[in-house]
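Asker: give me coordinates for this.
(2 chains)
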Amino acid sequence: MARYGMLINTKKCIGCYACRVACQRQNKLLSDEAFIRYEEKETGAYPEVGVETVPLQCMHCEDAPCVSVCPTGAAYKGADGIVGVDHGRCIGCKYCMAACPYQVRVHNHETGTVDKCRFCTVSAAETGTKMSTCVEACLTGARLFGDLDDPDSDISKAIVSDNAQPIAGSLTKAKIFYVR
Amino acid sequence: MSENAITRRSFLAGSAGAVALAGCAGVLSFDAWSQAHAEESDAGGQTYTAHSLCNACSTKCGFTGYVVDGRLAKLLGDADHPYAKGKLCARGYGYSQIAYSADRLTDPLKKNEDGEFQAISWDEAYAEIAEKVKAIIGSDGPEALAVVHDPRPSGKYYAKRFMNALGSANVYTHGAACNLSKESGFTQVIGSGNYESDVANSKMTMFIGRSYADAIRPSSVMALQEAHERGAHIVLVDPRCSNSKVFADEWVPINPGTDLALVLAMAQVLIREGRYDKAYVAEHSVGFDEWAASIADHTPEWAEKITGIPATTIARLAFEFAEAAPAASIEPSWRGAFGCSYQNSGETARAIACFNTLLGCWNQEGGALFTSSVSAGELDEAKFPAVPKPAGKQLGAAEYPLALSSMGSNLYAARMAKEGALKGMFFYNSNMAAGYSNTAYLAEALGSLDLCVVIDVQMSETAQLADYVLPDTSYLERLELPEFVGGTVPCVALRDRVIEKVHPNTKPVDEIFTELAEACGVGEYFPFTVEDLADAQLQSVGLSLDALKTTGVAYFPDKAFTYGKAPKWKTPTEKIQFTSEAAEAAGLPAGPVWMEPAVMPAGTQLRLIGGKQAVHSHTMTANIEDLMQITKDYDLTRVWINADVAAQLGIADGDEVEVSNSEHTGTCRAKVTQRINPTALFMPSHYGCSSPEQHTAYDVGLRQMDFVPFHLEPVYGAAMTQEAIVSVKKVGA
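Answerer: Next up, the predicted model:
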């Protein structure tokens, strides 16, 4: 079984929000239901200034706090390691939102349930998306998706060559790796 | 619409010759996609795709719309389209929702005596508009009529044809509030309104006021990234450190309004040090010696005082250009710093074209290119009758002699409306009242008209001022005329109909202008459908409408651009003109020299500058929920203020501040940042919508144009949108 993960190279991110809107459109989300959020960082001082944008979304943690705190089992980790939401079981208590250290779970005000990035590559059969929408949409190739257990996958090689790290180290064994 | 993807390969097998229909397999196989939707289709629905062109900005990227049960389900940038290259920006995805917006105009509207709009039939609207048009022509002649449009594939053809058919030459684009100064200035020097910097292959490219990462064309972002990753020297000259900094190695935080001084000083260094391409200049230009003498005192030390950039930096940049030439250029920009911003914008454009000439970079790999283009050939006059050339001249042509007549000065038209010389105006895809210049002045000007007709998809501020509002279909609901796109390999692309009309009583732009013409008694010039005309235009270049529907894009490889060949200079002297007789006749110096901006901030005042954010286009996308939600989530309406200046004024990040000048006062939050020049206040150009019928955009943020005085750039006729000085203070302080 593959262990899916993503790499985000913030040195290539221009902070254009294309991944967010593409994700919302292709996954039919509400306008205020964004699976990707951004942290913008300014570095240096005038006029030697740098700009960094860090896109954040569900990290599909191996030690997923949302799964631990969910009282109904709606938040779960599948056999493929993808963290999912069983909307039939979700009671909208938002414990998972509070527990998520990355603050990337969102409440859908129409359904009353919580949702988040689904790593939609793996659900291609339902969405028709060959690659995760955010990966496909990125104008600069800042995102890679693939099997972390396959040493020959592009993502595995890039993680090594670019020394990509989870955003919070080993905190939750996150499966999104960042180049910064 | 065409169920094209399946038949694409079989079609391509049969195509050959000078025209190459785009043959890339695309980013997603249709089979996989239609299989994924088999269940929905089995439930009685239908699945198909169509190629179209985005309408979220002027780039018009090609994309494929995937439609399920009649509704747009997803869209993907077309890999074959030269600008999209398989991608769309956030606006491209988000703006597709305009078709389903709850704020769409659905019926023709007439303003009644109480100033309220009421729905009327198309026949009534046409009859009443025609009656007023005829009355205006009867009393004041056709030159008292004008149309303003932001060019779109069909709109630019029909709007112009309609106005010319009525006998008026008063056809204006949005240009005076966009790229009029730039294109007019370039034309004086190189005989062309534009060029393309070969960024991807350059050793050095300087951007002045333009940010590929904030006003996104996917292919431009990719070219910039390629240049950066290859190690090219990418310099951003901008009062604001834009998001392009990710792919640039230097930000030059110039005082806004002083780009001209920087360019002239760099030129002065190259000339003084003999580091320009002397052979190129001698062979291709006129007026060099005179111009060189006129800028001999424009030294880096002189420019430092004006621009705020150290003289050593200016000299270094000049030498770096000399080293990199001819694989180097100053990028042509678009609206940016010298499209329409300052009193010296047209002259800045002239100076930039002169500077690039010193580099000998025209048509050189990595330099500045005049790429190829193709246009439709002659059509059958019996089917597509020629419209006689209007007798009169475009209003403003005499007053603003260097303004390109293909754009004209729409602001002069507004002034003529206010002064009573213009009686009737039509607007298509143009929100002049909110985006072109001072909003109070424009409201008064448009309010003075006997007849104001607006064709749009939503109740824009301009539509609010109209006597009649005619509801257009959205870009997704109609076929348009083919769009010819210049480039290293020129091509033609198609906006095909993706979905059926959402609102049955809307009409596509081609029908509206055709029926207006018929009502006004000039229907003889419109005896064809948009399909007829599109097919005839495509047949004239060896294609057909059916063929282009199948692929979306077709290339003309036999017209491909090649490096090295000097273009034919379309100037009066057929040379590059360091000096211009026309400029001199218009009262300008023969060659570009320093000219002050119209106003300068004093004391703690700041110059108000505008600009794009990656999620919006001017005022037209603010009402899109997906995009406005980003504005709200990230507080993007904030004005940017330099951190040191903010500290002096006691303003902290996120504080509510009052921005005021002689034109307007308003409050919003401040973004305190190291990313802006201390003499500037940046206000994004998208907000402050004052039309309550745009429920998402209404009353969010401040509107730049409320603060901009109504004035026109001498000789060039542009809006001088950044000749505005404001004071800023913390609310309650």
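Asker: and the spatially most central residue of chain A, what does it touch?
Answerer: Compute the mean C-alpha point of chain A, and by Cα atoms, centre = their mean the closest residue is A:Gln57, 3.0 Å away. Shown in contact with A:Gln57 (Cβ atoms under 8 Å, 6 or more residues apart in numbering or on different chains): A:35-37, A:102, A:104, A:116-117, A:134, A:176. For the C-beta atoms, the positions are set from N, CA and C on the backbone; glycine is no exception.
Asker: low-scoring stretches of chain A, by residue?
Answerer: For chain A, the stretches with pLDDT under 70 are A:121-130.
Asker: which ones are touching the residue of it most remote from its centre?
Answerer: Computed with Cα atoms, centre = their mean, the maximum C-alpha offset from the centroid of chain A is found at A:Pro47, amounting to 33.2 Å. Contact analysis of A:Pro47 by Cβ under 8 Å, 6+ apart lists B:241, B:251-253.
Asker: again, 7 Å this time
Answerer: For A:Pro47, the contact set (Cβ atoms under 7 Å, 6 or more residues apart in numbering or on different chains) comprises B:251, B:253.
Asker: what of A:His107?
Answerer: A:His107 makes contacts with A:92, A:94, A:97, A:114, as judged by Cβ under 7 Å, 6+ apart.
Asker: what is the nearest of those residues to B:Val659?
Answerer: Relative to B:Val659, the closest of these is A:Met97; by Cβ to Cβ it sits at 36.5 Å.
Asker: enumerate the residues of chain A near chain B.
Answerer: Residues of chain A lying close to chain B (Cβ under 7 Å from any Cβ of the partner chain) are A:13-18, A:20-22, A:24-26, A:31-32, A:42, A:44-47, A:49-51, A:125-126, A:128, A:130, A:136-137, A:139-140.
Asker: what's the ChimeraX line that selects buried ones from these?
Answerer: Here is the ChimeraX command that selects the buried residues among these (16 or more other Cβ atoms under 10 Å in any protein chain shown):
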select /A:13,14,15,16,17,18,20,21,22,24,25,26,31,46,47,49,51,128,130,136,137,139,140
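Asker: for chain A, give me its nearest residue in the stretch 351-500 of chain B.
Answerer: Closest to chain A within the stretch 351-500 of chain B is B:Leu476: 13.1 Å, counting by Cβ to the nearest Cβ.
Asker: next, the distance between the ends of stretch A:138-151.
Answerer: End-to-end span of stretch A:138-151 (Cα to Cα, to the nearest Å): 24 Å.
Asker: what does it contact?
Answerer: Contact with stretch A:138-151 is made by A:2-9, A:12-14, A:16, A:18-19, A:121, A:131-132, A:134-135, A:153-156, A:158, A:175, B:87, B:218, B:221-222, B:225, as judged by Cβ under 7 Å, 6+ apart.
Asker: which members of those are positioned in helices?
Answerer: The members of these that map onto helices under DSSP state H are A:18-19, A:134-135, A:154-156, A:158, B:218, B:221-222, B:225.
Asker: dump these into TSV; add distance to B:Trp594 as well.
Answerer: Below are the ones in helices among the contacts of stretch A:138-151 laid out as TSV (distance: Cβ to Cβ, whole Å):
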residue	distance to B:Trp594
A:Ala18	40
A:Cys19	44
A:Cys134	48
A:Val135	49
A:Asp154	53
A:Ile155	54
A:Ser156	57
A:Ala158	50
B:Pro218	37
B:Val221	34
B:Met222	36
B:Gln225	35
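Asker: check contacts around A:Tyr4.
Answerer: If you count contacts by Cβ under 7 Å, 6+ apart, A:Tyr4 has them with A:80-82, A:119, A:122, A:147, A:175.
Asker: most widely separated two among the contacts of A:His107?
Answerer: Once Cβ to Cβ is applied, these give A:Gly92 and A:Met97 as the farthest pair, at 9.8 Å.
Asker: so what sits against both of these two?
Answerer: In contact with both A:Gly92 and A:Met97: A:107, A:114, using Cβ under 7 Å, 6+ apart.
Asker: how close does the residue farthest from the centre of chain A get to B:Met206?
Answerer: Counting by Cβ to Cβ, to the nearest Å, the gap from A:Pro47 to B:Met206 is 16 Å.
Asker: same check on B:Tyr400?
Answerer: 28 Å.
Asker: equivalent analysis for B:Arg71, please.
Answerer: Where B:Met206 is concerned, B:Arg71 sits at a distance of 46 Å (Cβ to Cβ).
Asker: and the two? Which one has more around it.
Answerer: Taking other Cβ atoms under 10 Å in any protein chain shown, B:Arg71 and B:Met206 do not tie; B:Met206 has more neighbours (26 against 12).
Asker: cool, thanks, signing off.
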